[in-house]
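Asker: Coordinates for the following, if possible.
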Amino acid sequence: MSVEVFFSYSHKDEDLRDELEKHLKLLQRQGKIDAWYDRDIEAGAERLPEIQQHLNQADIILLLVSADFLASDYCYDVEVKRAMERHEAREARVIPVILRPVDWQDAPFGQLKPLPTDGQPIAKWANQDEALLNVAQGIKHTLQEVAAARAEFKTNLYSALLKLGFQQQAELFLRAIDAESVAAFLIHGGSPEYGQRWLLNRLVVEYVPLHTVSKVVTIDLSRTARRKDVSAYWRELGKRLNLKLSEINAIAVADGVYRWWLTQDVIFVFHDVNLMPESSLVNLIEQFWLPLTQRVQMAEAGESDRKLLMFFVDYEGKAEQWQLPWVEKLDASWDPRKPIKPPKLQEFTDQEVMSWIVSQFRDLPPVLTQGIDEQVNEILALTDQGVPDLVLQEICERCGFDWYEELDKWLKY
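Answerer: This next block holds a predicted model:
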C-alpha cells in the first residue's frame, strides 16, 4: 500500500515543486508513494473539497516553504493549520522543505526538522540537483519510518479487533479448553457475514497456546464431492496421514491422529458443515470423534499435554437445528467428547462497540476515539445495525487499511 504525499505550496514556486517531484518519481514508479498536488484536480471538480480530501488523508505533507508560501493566506491559514493538527494527532508526518531564504522558524512548523539538511534553502545550494537529491533522500527515510509505524499500528489494530464482541462464545471456549485437553466447538451464525471465520481465528490465536509444532487440518465441505459421501472425509484425512487408499477407514484415521496428538497440538476445522446432511455429521462424530477422544482420555498421565480440538463452522445457522448431542453449558456433568454449541452469533450492539472503543482507546486512532457516540452510531448505521464482518470492515477502513487485503493475512484458518 503506497504512502500518499501531499504538496502544500505557492503557485509561484511551482517550477521548484515540479523539479522536486521528478526526484521522487522513482519512488512513485516503485509504488512506494502516491504524490498529489492541486494540479491533479480534474476539470469540472470542485477545487477546495478536493484539496481538503487529500490534505485529510495524506500520510506525509510537504510544506514547500518560501516567502510566497508564508504570504499566502490559504497556504498558511488553511493548509498549514490542518497539516499541523494532523501531525500533532499523529495522523500524518509534516516535513518543511525550505525552497528559498525566509524567516520561517517562528511559524507553527518551526520546531519540525526541515529539509534539505539543516534547513539550507534549495535556492542557496550551488547545485540544485544535489539539494533536491538531499530532500528526496530525507523523504525516503521518512517513508521507512512511516512504513514501520504503519506496520506496528496494523499489528495493534489486529490485536484490538480480536477483543471486539463474541464474549459469550469466547468465555465458553476458554472454560472448555482450560478444563480439558479435548473439545469440539460449533461456530454458527445466520449468514456468512456474522464473523464465523473471524471468531474461529480469534479463538485459536488468542486462547490456544500453539506450540512450535502444531497440526491444523482444515477441510472445506463446500466441495460437492464431500457433502454427502462420508467416506470422502476419511479419504481426505487419510491422505493427510499418508495412509494407503486401501488402509483408509475411520479406525485407521483415528489411530493416525492419535499419534499426531502425542507430539503436537491437533486442530480440525470443518468449514461449511451447513452443507452436510445431518446424518453425515452424526457419523463423523460417532465414528471418528468419539473413539478418538476416548482414546486420548485413556492415555496415561504425562503421555501428552497437547490439545485435540475440532471446530464445526456453520455459515447458515442450520447445524443448531440438528438432533446432535450438543452441550450448551459446562457443568459437572459435561462430557468433553460431546460437541459444544455456544450461542448463535448475533449483530454487535452499540454497547459492545462502545465498550470496545473505551477498552482499546490507546491503540485506536482519533478517527474512532473522537466523538465516540457519533462514531458508534455511524458504524452501526453503515453495517446493517452491527453485522460483525461489516463492522470489522468499517473499522479497518476508517483506520486507513484495506479490509480484504488484511483479511488474507489475518485469517489463517
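
Asker: So for stretch 166-177, what gets flagged as buried?
Answerer: Using 16 or more other CB atoms under 10 Å as the test for burial, stretch 166-177 gives 166, 169-170, 172-173, 176-177. Bear in mind the C-beta positions are built from the backbone N, C-alpha and C, glycine included.

Asker: Out of those, which is nearest to Leu115?
Answerer: Phe166 (47.3 Å; CB to CB).

Asker: residue contacts, the closest residue in space to that closest one that isn't next to it in sequence?
Answerer: Excluding its sequence neighbours, the residue lying closest to Phe166 (CB to CB, 6 or more residues apart in numbering) is Leu199, at 5.2 Å. Shown in contact with Leu199 (CB atoms under 8 Å, 6 or more residues apart in numbering): 166, 169-170, 187, 345.

Asker: Kindly report the same for Gln360.
Answerer: Per CB under 8 Å, 6+ apart, neighbours of Gln360: 160, 163.

Asker: after the helix ranked longest in the chain, next one along is what?
Answerer: If you go by DSSP state H, the chain has its longest helix at helix 128-161. Per DSSP states H and E, the first helix or strand lying C-terminal to helix 128-161 is helix 167-179.

Asker: chain center to that following helix: distance?
Answerer: Relative to the centre of its chain, helix 167-179 is centred 23 Å away, using CA atoms, centre = their mean, to the nearest Å.

Asker: Buried residues, the helix or strand just after it. List them.
Answerer: Following helix 167-179 in sequence order, the next helix or strand is strand 182-188 (DSSP H and E). Buried residues in strand 182-188, counting neighbours by 16+ other CB under 10 Å, are found at 182-188.

Asker: got TSV for these, with pLDDT and distance to Asp384 too?
Answerer: Formatted as TSV, the buried residues of strand 182-188 follow (pLDDT from 0 to 100; distance: CB to CB, whole Å):
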residue	pLDDT	distance to Asp384
Val182	90	37
Ala183	92	32
Ala184	93	31
Phe185	95	26
Leu186	95	24
Ile187	96	20
His188	95	19
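
Asker: For the helix or strand of the chain with the lowest mean pLDDT, which helices and strands make contact with it?
Answerer: Here the helix or strand of the chain ranked lowest by mean pLDDT, DSSP states H and E is helix 230-240, holding a mean of 77. If you count contacts as 3 or more CB pairs under 8 Å, 6 or more residues apart in numbering; DSSP states H and E, helix 230-240 packs onto strand 214-220, helix 250-263, helix 278-284.

Asker: Make TSV from these and add distance to Val296, mean neighbour count and mean pLDDT to it.
Answerer: Formatted as TSV, these follow (distance: least, CB to CB, whole Å; neighbours: other CB atoms under 10 Å; pLDDT from 0 to 100):
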stretch	distance to Val296	mean neighbour count	mean pLDDT
strand 214-220	14	15	86
helix 250-263	6	17	85
helix 278-284	17	17	85
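
Asker: Tabulate those in TSV, adding columns for distance to Pro114.
Answerer: Listed next are these as TSV, based on distance: least, CB to CB, whole Å:
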stretch	distance to Pro114
strand 214-220	51
helix 250-263	59
helix 278-284	67
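
Asker: Out of the ones you listed, which is closest to Val358?
Answerer: Proximity to Val358 (CB to CB) singles out strand 214-220 among the helices and strands packed on helix 230-240, at 33.9 Å.

Asker: could you measure Leu172 against Asn274, distance?
Answerer: Using CB to CB, to the nearest Å, one obtains 20 Å as the distance from Leu172 to Asn274.

Asker: thinking again about what came up before, closest to Ile357 among the buried residues of stretch 166-177?
Answerer: Among the buried residues of stretch 166-177, and counting by CB to CB, the member closest to Ile357 is Phe166, at 16.1 Å.

Asker: if I pick the closest one, what's in contact with it?
Answerer: Neighbour list for Phe166: 195, 199, 202, 345, 388 [criterion: CB under 8 Å, 6+ apart].

Asker: Val205 too?
Answerer: 162, 412.

Asker: sec struct for it, please.
Answerer: For Val205, the secondary structure call by DSSP: H, G, I helix; E, B strand; the rest coil comes out as helix.

Asker: so which of the helices and strands packed on helix 230-240 gets nearest Glu46?
Answerer: Ranking these by their distance to Glu46 (criterion: CB to CB) puts strand 214-220 first, at 48.5 Å.

Asker: got the angle for that closest one vs helix 230-240?
Answerer: Strand 214-220 runs at 150 degrees relative to helix 230-240, counting by axes from the mean of the first three to the mean of the last three CA atoms, to 10 degrees.
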